[in-house]
Each structure stands twice: as structure tokens, then as C-alpha cells.
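1. Take a look and give me a structure for this.
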Amino acid sequence: MPLTPIGTALGAAVLIAATALPGRAQAFADQKTALVDYSKADLEPRKACQDLNKFKSKEIAQITATPMPADAAAPAHCRVTGLLAPEIAFEVSLPAKWNGRFYMIGNGGHAGEAMDDPGRVAQRNQALQLGFAFAQTNTGHDARKEPGASFVLSNPQKAIDYAYRAVHLTATTTKDITKDYYGQPVSRAYWNSCSNGGRQGLIEAERFPADFDGIVANAPWVDQTGFTIGAMWNQKALSAAPVTPAKLALVADKVMAKCDAIDGLKDGLIDDPRKCNFDPARDVPACAAGADGPDCLTSAQAAAIAKVYSGPLSNGQPFFPGYMPGSEAVMPSLFGGGSGSGWMNMIVAAQPGAKPADFNLAEGTMRYLVHKPPQPDYDYQTFDFDRDIHMLDNWSKLADAKNPDLGKFNKRGGKLIMTYGWADSILQPMAGVNYYQQAVQKNGANTAEFFRLFMVPGMAHCGGGIGPDRNDSVTAMIDWVEKGKAPDSIVASRVVNNQVVRTRPLCPYPQVARYSGQGSIDDAANFHCVAP
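-> Numbers count the residues shown, from 1 in each chain. Sure, this is the predicted structure:
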């Protein structure tokens with residue numbers, strides 16, 4: 001997808017809205033070494049594309065089928081678009097030569113993306129080139145007309161559609177259309193998406209286990225309501241004690257100096273930030289009383305940064321995870337392009353009075369989705385962390401993807417891969433780790449036979465950061481579903497100026513990658529996965 005600099009909180013919010021895209025994940029990059037030749041596409045339609053204009057189901061309010069000639073970007077295909085009542089836009093694109101498989105992507109932030117968004121078109125074209133039937137939805141609203149979560153003002157049903165209904169209905173309807181077109185059912189169905197799209201994928205596994213055979217959930221928004229409370233917590237702390245880019249760079253330098261070598265290798269990466277016992281009040285120079293400057297922290301600033309790391313407390317107890325040491329690093333490769341601290345524009349406002357993207361997203365959730373009826377002028381400063389956390393419970397039941405019971409998904413043979421960057425500054429990485437650990441507790445010791453988590457040191461949200469951030473979890477998933485080969489590791493690469501400068505294995509949690517002691521530390525071949 002095209003990369004643009006991160007400039008303002010609004011721009012950052014737009015990036016969050018795009019995080020359904022695999023971005024740098026490089027779906028299908030390992031196709032040539034796959035155990036399955038999923039590019040073999042020799043199945044042909046059994047009817048004319050225009051005949052799909054007559055396809056009917058009880059949910060379809062509108063349908064249009066259009067033959068699309070081959071061009072430089074995509075092979076000839078039949079593009080079917082329409083609406084599922086009330087306003088769920090959907091698309092399924094069906095190649096003239098089909099590999100028998102179905103591939104669907106999700107949505108970022110509060111969704112509402114256009115079907116012809118360039119990043120989404122690029123993913124559609126890539127899937128079509130390999131012979132997949134490709135599907136997508138806007139979840140029931142157009143963000144260009146109803147920005148953020150304001151879509152509920154026109155129809156409260158849109159909240160339910162956004163939470164879970166639109167993805168499920170689109171998946172079942174477009175698979176039925178695919179079957180009608182080719183005269184045979186989909187052999188395998190795959191989901192691949194990031195952020196809110198990861199949340200959507202987890203909800204599919206939890207609530208609609210028959211929809212997909214393989215789900216890749218990258219940096220999933222597991223707990224939308226927990227994130228919302230965390231973003232308000234951070235905003236309160238940092239509004240009272242603002243920090244500058246220079247101060248964030250200072251903190252980042254001190255974090256790396258203290259924690260880089262904890263894993264036994266000084267390589268510019270923090271392998272597991274949980275082992276980084278960093279205290280900004282102790283480990284960063286303190287400003288003299290009454291003074292302030294770029295090379296020190298005031299006691300209030302140190303306390304505010306510590307609150308971002310700790311996450312919100314309620315009645316004196318930890319309520320939701322904070323962000324990890326290393327996520328504040330000055331990154332030459334942020335999600336969406338540009339460089340700067342991973343916190344800037346996401347957690348920390350660029351200008352006084354501005355809203356960073358995380359808080360902007362949380363405020364919209366509070367105002368329009370949590371409150372019934374919506375309260376567009378809700379002031380987060382009135383939120384009491386000891387008293388009000390249950391205010392979000394009803395929305396949590398609809399939208400959060402934190403039910404660890406995946407028994408039905410497992411029973412029907414489903415496979416799930418989750419990835420998370422340890423340096424993510426949009427969604428808290430421990431939300432993913434905690435969910436996986438809860439899933440192991442709920443589903444038993446054999447959970448890894450159908451669900452694996454891969455943590456990515458130094459990676460920001462869905463890509464970018466200072467670590468190897470490009471990997472092909474989709475091919476690993478197809479090999480797992482169709483050949484029974486569970487991914488024992490996934491090779492990730494870091495690319496600078498179109499050159500691979502480092503590769504590392506990603507290991508199934510809780511395993512970690514350890515250097516063998518010989519050869520380049522930039523070559524994955526010199527690392528192996530071991531128990532921590």
C-alpha cells in the first residue's frame with residue numbers, strides 16, 4: 001500500500017483506519033516455497049457473469065455483476081457488488097481461472113472504507129492473480145459520509161453490523177455466490193487482516209467457526225473497550241504533563257541502553273520487553289526543581305510516561321495492559337511511512353490541545369458506540385476509572401473479541417495464527433499475549449495444534465518499526481490447513497531502500513529466537529527457536 005508521512009493526529013487516525021491492510025506482512029510472498037501450489041487455478045465458471053445479477057438471498061438488497069477484462073494489474077474476473085440490508089456494501093471478485101479457494105480481508109478502525117480504496121484494490125488484485133475468489137465489506141457504512149463512529153446516528157443497526165454482523169453475512173453470502181458461479185463450493189476459506197480486521201477474524205473464530213478454515217489475525221483489536229479505557233487513561237496523564245519529541249527520544253535511548261542486551265545479544269532489538277525493568281523516574285535524568293528541558297524529565301512527565309507503561313488502574317488494581325518499553329523508540333520506519341517516536345501522534349499529541357490517534361479512536365467509541373443514545377459531546381474527563389469501567393460492558397459484549405473458547409472452531413479443523421509487534425503503540429501487545437494464554441487455559445494443552453501466536457520484536461502496528469516486520473503468515477496458514485504442517489517458525493525480514501538488511505525467525509509463543517553464537521546476527525539461519 002502507498003506510504004505517506006504521519007503528520008497530524010488526523011493523519012494518524014486515517015492510518016489506524018487503514019490497518020485492516022496486511023501492509024508489510026507480505027501475504028503470499030513465500031508462494032514459491034509453499035507446500036501447496038495455491039496458484040494452480042484451472043476451475044472455470046459454469047455460467048455467465050451477468051447471470052449473477054439474478055442471484056437472490058434474503059439479505060441481498062441490491063446486486064450487480066460486471067465482467068472485468070484482464071489488465072496489467074489483474075486477470076479477467078467477474079466483480080459482484082451490492083448491498084446487504086440495511087447498508088452493508090459487499091464485493092466478491094471471481095477470477096476466470098479459480099483455484100477453488102476463498103480469501104477475505106477486513107477493516108481498520110471504525111471501518112467504512114471504500115471498496116476501491118487503493119490498498120484494498122492492491123490486495124484484491126494480488127489474490128485474483130493467484131486464482132482466489134476475493135471478498136470484502138465496508139461493514140455497513142461509508143466513512144466518507146459518516147466519519148469515525150458517527151454512523152450510528154443514522155441507524156443504530158449499523159453498530160451491530162460494524163461489531164460483527166456485516167463480516168459474517170458477507171462471508172456466507174459471497175461464498176454462496178462463488179458456489180453458484182463455479183458450480184461447486186469453496187474448498188478452503190481464508191481470512192487475513194490486521195488491527196480491527198484482526199478483531200473481526202477472532203470474532204469469526206469465536207462466534208461463527210464455520211465461516212473460515214484458516215484465520216490470520218495480525219495485531220488484533222482483541223479488547224476494543226479495554227483499549228478505549230486505556231487511551232483515556234493515557235490522555236489524562238499526558239494532558240497534565242505533556243512530553244515533547246525530544247523527550248521521547250531521550251526516553252527511547254535510555255530504554256534501549258538498559259534493555260537491548262537482556263536477551264544476550266546487543267542488536268538494537270528488545271526481544272521481550274516484559275524483562276525490561278524500566279522506570280522513567282529512575283532511569284532518565286530528572287530536571288532540576290522548577291526547570292525543564294529536552295535532556296531531562298520533570299517528575300510529572302516521568303509519572304505520566306510510567307502511566308502509559310503501566311496501563312489503567314481501577315480501584316488500585318491493574319485493569320488493562322499498557323504499552324511496552326521500546327514502543328516509544330525513534331523509528332525510521334513507522335506504520336504508514338515517515339519516522340519519529342512510535343508514540344508521537346499515536347499516544348502523544350503533536351501539538352498542545354491536539355488529539356493523538358489512539359485517543360481520537362477511543363473518544364469516538366465512547367461517544368457513539370458505548371453510550372445509548374450516543375453522546376457526541378461526551379467529555380472523557382468525567383470518566384472515573386474507579387467507578388465507570390462497567391459503562392462499557394454492553395458494547396464489550398457486542399464488539400470485543402476476547403472469548404477464549406475456540407472449541408467449535410478447533411473441532412471443525414480451523415487454524416488460527418495471531419501476530420503482534422512488541423513495539424506496537426496503537427494496540428497494546430499484552431492484550432494479544434493475554435488472550436493467547438487464556439485460550440491455552442480454556443482449550444487445553446493441545447491449543448498449539450490449532451492456534452499459534454508469533455510475537456515480533458521491534459515491530460510497530462501491523463508493520464514498520466525497528467525490527468524485521470515483513471512475513472508471510474498466509475502461506476504458513478495454507479500449508480497448515482491443507483498439508484497439516486504447523487508453523488514451527490516464520491521468517492521475517494527487515495527491508496531498507498528495497499534491500500533486505502536483516503532476517504529473523506518468528507517463534508511460536510512462548511518460544512523466542514536465540515542466536516547460535518556463529519555467523520551474522522542479521523541472518524535468520526543463525527537463530528533457532530527455544531523455550532524462554
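
2. Buried ones in stretch 96-116, by neighbour count?
-> For stretch 96-116, the neighbour count (16 or more other Cβ atoms under 10 Å) marks 96, 98-113, 115 as buried. Heads up, the C-betas are built off the backbone N, CA and C, glycines and all.

3. Pull the CA coordinates from that stretch and hand them back as CSV.
-> Extracted in CSV, the C-alpha atoms of stretch 96-116 (Å, rounded to 0.1, in the frame of the first residue of the first chain):
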residue,chain,number,x,y,z
ALA,A,96,-11.9,-16.6,-14.8
LYS,A,97,-9.5,-19.3,-13.6
TRP,A,98,-10.2,-20.3,-10.0
ASN,A,99,-8.0,-22.1,-7.5
GLY,A,100,-11.1,-23.3,-5.5
ARG,A,101,-10.2,-21.0,-2.5
PHE,A,102,-11.9,-18.0,-0.9
TYR,A,103,-9.9,-15.1,0.6
MET,A,104,-11.4,-12.2,2.6
ILE,A,105,-9.9,-9.1,4.2
GLY,A,106,-11.3,-6.9,7.0
ASN,A,107,-11.4,-3.3,8.0
GLY,A,108,-9.4,-0.9,10.1
GLY,A,109,-10.5,1.4,13.0
HIS,A,110,-14.2,2.2,12.7
ALA,A,111,-14.3,0.7,9.2
GLY,A,112,-16.4,2.2,6.4
GLU,A,113,-13.6,2.1,3.8
ALA,A,114,-14.5,2.3,0.1
MET,A,115,-14.3,-0.9,-1.9
ASP,A,116,-12.0,0.9,-4.4
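
4. I'd like the average pLDDT over that stretch.
-> Mean pLDDT, computed over stretch 96-116, is 98.

5. got it, and stretch 212-224?
-> So the average pLDDT for stretch 212-224 ends up being 98.

6. likewise stretch 351-370?
-> Per-region confidence: stretch 351-370 scores 94 on mean pLDDT.

7. And stretch 237-250, by the same measure?
-> Computed over stretch 237-250, the mean pLDDT rounds to 95.

8. And the contacts of it?
-> Contacts of stretch 237-250 with the rest of the structure, by Cβ atoms under 8 Å, 6 or more residues apart in numbering, involve 251, 284-285, 294-298, 300-301, 303-305, 307-308, 328, 330, 340-341, 343-344, 347-349, 352.

9. now stretch 295-305
-> By Cβ under 8 Å, 6+ apart, stretch 295-305 touches 237-238, 240-243, 246-247, 250-251, 280-281, 284-288, 292, 328.

10. at 10 Å what do you get?
-> 234, 236-244, 246-248, 250-251, 254, 278-292, 323, 328, 343, 347-348 (Cβ atoms under 10 Å, 6 or more residues apart in numbering).

11. Write the ChimeraX selection for whichever of those residues are buried.
-> Filtering the contacts of stretch 295-305 down to the buried ones (16+ other Cβ under 10 Å) takes a single ChimeraX command:
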select :234,236,237,238,241,243,244,247,248,250,251,254,278,280,283,284,287,323,328,343,347,348
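
12. What residues of stretch 177-196 count as buried?
-> 177-178, 180-182, 186, 188-196.

13. where along the stretch 51-200 of the chain do the strands fall?
-> 60-68, 77-84, 88-95, 101-104, 133-137, 188-194 (DSSP state E, counting those that start in this stretch).

14. For Val330, list the residues it contacts.
-> Going by Cβ under 10 Å, 6+ apart, the list of residues near Val330 reads 245, 248-253, 256, 339-344, 466.
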